[in-house]
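1. Fold the following, please.
(chains A and B)
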Amino acid sequence: KAGVTQTPRYLIKTRGQQVTLSCSPISGHRSVSWYQQTPGQGLQFLFEYFSETQRNKGNFPGRFSGRQFSNSRSEMNVSTLELGDSALYLCASSLAGQGTKGAFFGQGTRLTVV
Amino acid sequence: AQTVTQSQPEMSVQEAETVTLSCTYDTSESDYYLFWYKQPPSRQMILVIRQEAYKQQNATENRFSVNFQKAAKSFSLKISDSQLGDAAMYFCAYRSAQGGSEKLVFGKGTKLTVNP
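-> Prediction:
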């Protein structure tokens, strides 16, 4: 089975712009979660989607949004980028309902805001 | 809210030796899952081992084993016969068993160096 695929791997954006990141989960996985990783704050949960519905949301401003499509692929969008949004964004997919299996991560998208 | 604490920012071990990474967590829930993830320089998070809170038996995966102490809310990872490829950041993570969410709460991580 193919793993979790995140695109693009690297992005450089300017303050004020917006960006869209994509995540294709493992085939059959219906839950997709997003995390932001920074040296200062570590790994922070952004949101989780299951069957096209947001099931859980972390403590991030409304500039961060996401969605999930019927094929379980997910996108996250960040509008009005700030320098502090520079981070590694990780996507994780899970076979929801099989909690002990754990979440499987993609290689991440490195976003740099200049 | 649940929290996860990894008190060792960095650890080092000699190749072929054994090392233990510490993790404590805080929760009021009785049913949950605990995980250890490894993040090498390639950045991809790799699931190392998982533990269900309702199981008293400690999980083992080849050279990796855990010491799960539910009452003490402790979940340490032991790596036996350390190899150079074990060098990475290691993250302890908590997942609630309530509500069906897959949300993980992570510790700050421990950077493991393996010396040849």
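2. contacts and neighbour counts: CA atoms only from here.
-> OK.
3. can you tell me which residues contact residue 90?
-> Assuming you mean chain A. Listed by C-alpha atoms under 8 Å, 6 or more residues apart in numbering or on different chains, the contact partners of A:L90 are A:W34, A:Y35, A:Q36, A:Q37, A:F105, A:G106, A:Q107, A:G108, A:T109.
4. look at chain B instead
-> Contact analysis of B:Y90 by C-alpha under 8 Å, 6+ apart lists B:W36, B:Y37, B:K38, B:Q39, B:G109, B:T110, B:K111, B:L112.
5. What segments of chain A are strands?
-> Along chain A, counting by DSSP state E, strands occupy A:5-7, A:10-13, A:19-24, A:31-38, A:42-50, A:53-57, A:64-68, A:74-78, A:87-94, A:104-105, A:109-113.
6. Next to chain B, which bits of chain A? Give me the list.
-> A:31, A:33, A:41-45, A:47-48, A:55-56, A:94, A:96-97, A:99-108 (C-alpha under 8 Å from any C-alpha of the partner chain).
7. filter the contacts of A:L90 to the buried ones?
-> Among these, those buried by neighbour count (16 or more other C-alpha atoms under 10 Å in any protein chain shown) are A:W34, A:Y35, A:Q36, A:Q37, A:F105, A:G106, A:Q107, A:G108, A:T109.
8. From A:F45, how far out is the second one?
-> Distance check for A:Y35 against A:F45: by C-alpha to C-alpha, to the nearest Å, it reads 5 Å.
9. now swap in the first one and tell me
-> A:W34 sits 6 Å away from A:F45, taking C-alpha to C-alpha as the criterion.
10. And the residue nearest the centre of chain A?
-> The centre of chain A sits closest to A:W34, judged by C-alpha atoms, centre = their mean, with a distance of 3.2 Å.
11. For that residue, give me the pLDDT.
-> With respect to pLDDT, A:W34 has a value of 98.
12. Ignoring the adjacent residues along the chain, who's closest to it?
-> A:C91 (4.6 Å; C-alpha to C-alpha, 6 or more residues apart in numbering or on different chains).
13. for A:P8, same thing?
-> A:T109 (6.0 Å).
14. gap between the one you found and A:A103?
-> Applying C-alpha to C-alpha to A:T109 and A:A103 gives a distance of 17 Å.
15. Also A:Y35?
-> The value you get for A:Y35 to A:A103, if C-alpha to C-alpha is used, is 12 Å.
16. Now do the contacts for residue 75.
-> As the question left the chain open, I've gone with chain A. A:T20, A:L21, A:S22, A:C23, A:G66, A:R67, A:Q68.
17. my bad, chain B
-> By C-alpha under 8 Å, 6+ apart, the contact set of B:F75 is B:S22, B:C23, B:T24, B:Y25, B:L34, B:V66, B:N67, B:F68, B:Q69.
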